[in-house]
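Student: next come a sequence and a model predicted from it.
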Amino acid sequence: MVTVVPPECEATSTWAYALQLPHDPRAARIARVTLRAVLAGHGMDQLQDTAELLASELVTNAYRYSDGSATLRLRGLDRSRLRVSVWDTNPHIPPPFDKRTRPLCPVPAEADGGRGLFLVCHYADAWGGYPLGGDLFGRGGKLLWCEVGMSAGRNAQIVLNDTDVMQQEEARPQPLVG
């Protein structure tokens, strides 16, 4: 089977996809499968392992701590960077995303949970989160995001100003093609 890429797509280094996820325990698996397909389609296989872990953790967090649907958004920032963001209906920003000025604390070994977002902060190049006010459709909640690139996990940094991220997230995503 031959895949044809239109010439305008080759010149564009920024792309975005959005996937609506129901409140369902299978959502993280569906997000991982989708992520693999998108990264393979854009020739970014080298990011797959780290991006898959981060997306899975963010989607799982959305499932566990909200009562409604979630949206996974994948955005290629250039040919070697990916932003993964997850919107959910719960407006609470969880630690460590809530106070980015305090150091990350390890989770006690006997704890049943609490490691997912710590892993995101450790392996992502940049990460953040912000609450979303209600819009015309009554959707509020929050958006947690992270970026991964070729240096994932080596130079983790915290973005203190989410204004640029919010503006970029407002761009209309391309629909997923089956």
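Tutor: Happy to help now that I have it.
Student: let me know the secondary structure of the closest residue to Gly133 other than its chain neighbours.
Tutor: Distance criterion CB to CB, 6 or more residues apart in numbering; nearest residue to Gly133, sequence neighbours excluded, is Gly140 at 5.9 Å. For every residue, glycine as well, the C-beta is placed using N, CA and C. At Gly140 the chain is in coil, as set by DSSP: H, G, I helix; E, B strand; the rest coil.
Student: what's the answer for the one 5 residues further on, then?
Tutor: The three-state label for Trp145, taken from three-state DSSP, comes out as strand.
Student: and it, bridged to which residues?
Tutor: Ser85, Gly128 (DSSP bridges).
Student: give me the neighbour count for it.
Tutor: 27 (other CB atoms under 10 Å).
Student: wait, isn't it in contact with Leu77?
Tutor: No: the pair Trp145 and Leu77 does not pass the contact test of CB atoms under 8 Å, sitting 11.5 Å apart.
Student: for this protein, which spans come out with low pLDDT?
Tutor: 1-13, 99-108, 111-115, 134-139, 151-178 (pLDDT under 70).
Student: all strands of this protein, in order?
Tutor: 15-21, 70-78, 81-88, 126-131, 142-149, 157-158 (DSSP state E).
Student: let me know the angle separating the longest helix along the chain from strand 70-78.
Tutor: Using DSSP state H, we find that the single longest helix of the chain is helix 48-65. Using axes from the mean of the first three to the mean of the last three CA atoms, to 10 degrees, the inter-axis angle of helix 48-65 relative to strand 70-78 is 150 degrees.
Student: give me the angle between helix 48-65 and strand 126-131.
Tutor: Using the same axes, to 10 degrees: helix 48-65 against strand 126-131 is 20 degrees.
Student: can you pull the contacts of Ala27?
Tutor: 21, 59, 62-63, 70 (CB atoms under 8 Å, 6 or more residues apart in numbering).
Student: possible to save those as TSV with distance to Pro94 and neighbour count?
Tutor: Formatted as TSV, the contacts of Ala27 follow (distance: CB to CB, whole Å; neighbours: other CB atoms under 10 Å):
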residue	distance to Pro94	neighbour count
Leu21	18	21
Val59	14	27
Ala62	10	27
Tyr63	13	22
Ala70	14	25
